[in-house]
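Enquirer: no FASTA, just this:
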């Protein structure tokens, strides 16, 4: 049984991490968040310590190590712009890391992380859960076995957000990285994983709520569209009462993957705990791409 700490425990995605720790038979010994109403903990790890400051967390990590009960992993679900600080905190306290996407906002920070990994002897694992989605795995296999060398891809991802979004850190481009980083990272990682490295990028629109452009990858031309605006939802989504719409077409054929997301964090943890997680270099291509998109917006 591994001992886990969790930073950013109140965030939306954090519950998937807490559940994954539980479902893989491990223990969450402490959690931290500046938001202090954490009733969700009672359903999973009611005996876990809870802190509202990094200072308290570090003290707990040091005391646990002194007692011969060190924390093995720190899972990071904090806002994007402080991932780098929390990765450093974890490594310098002798813990392996499981960090949500984007690993960092600025891909230049990857070199710092690699230095910290070397100094600590610990590893940073990035949550790239779409790489475990059965439909995406099948698509990757089909592309690898295809006689074709090049494909036409259309990607649309619309996930409508309310007014709260733009008053939170997510709506602040300096803190979230903007729509391509905060919303698009999942899909840019998946596309570059399947269709290869970026050869060229053009950006048509880049605003707070909408972005679009064209990518040339080694094996594909990709037209992509991202939106946070409910007005962009197609009729098929609105009639079904859905506020999110995902669509990928490969050579005009729809690849359906709207379901099957709920258990992917548990699969991610299983892989990491057996030494088969995705590390710093696995994150580089998509992080370099979103940096490029921001630079030419």
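Expert: Noted; the coordinates are in hand. What you see is a predicted model, and the numbers here were worked out from it, not measured in a lab. Numbering: from 1, shown residues only.
Enquirer: all strands of this structure, in order?
Expert: For the chain, the strands defined by DSSP state E cover 3-7, 27-32, 49-51, 73-76, 96-99, 124-126, 151-159, 198-206, 210-217, 220-227, 244-250, 253-255.
Enquirer: tell me the angle of the second one relative to strand 3-7?
Expert: With axes from the mean of the first three to the mean of the last three CA atoms, to 10 degrees applied, the angle from strand 27-32 to strand 3-7 works out at 20 degrees.
Enquirer: Tell me how far strand 27-32 lies from the chain's centre.
Expert: Distance of strand 27-32 from its chain centroid, counting by CA atoms, centre = their mean, to the nearest Å, is 20 Å.
Enquirer: Other residues contacting that strand?
Expert: When contacts are taken as CB atoms under 8 Å, 6 or more residues apart in numbering, the neighbours of strand 27-32 outside the stretch itself are 1-9, 18, 21-22, 38, 41, 44-45, 48-54, 56-57, 60, 64, 71. Just so you know, the C-beta spots here come from the backbone N, C-alpha and C atoms, and that holds for glycine as well.
Enquirer: let's go with 6 Å and repeat that
Expert: 1, 3-7, 9, 21, 45, 48-51, 57, 60 (CB atoms under 6 Å, 6 or more residues apart in numbering).
Enquirer: What strands line up against that strand, and which way round?
Expert: Strands flanking strand 27-32 in the sheet, each with its direction: strand 3-7 (parallel), strand 49-51 (parallel) (DSSP bridges).
Enquirer: buried sites along the shortest one?
Expert: The neighbour-count criterion (16 or more other CB atoms under 10 Å) identifies 50, 51 as the buried residues of strand 49-51.
Enquirer: Equivalent analysis for the first one, please.
Expert: Of all the residues in strand 3-7, those buried under the rule 16+ other CB under 10 Å are 3, 4, 5, 6, 7.
Enquirer: Tell me who's in contact with the residue most central in space within the chain.
Expert: Relative to the mean C-alpha position of the chain, the nearest C-alpha, by CA atoms, centre = their mean, is the one of residue 101, at 2.3 Å. When contacts are counted by CB under 6 Å, 6+ apart, residue 101 is found next to 127, 185.
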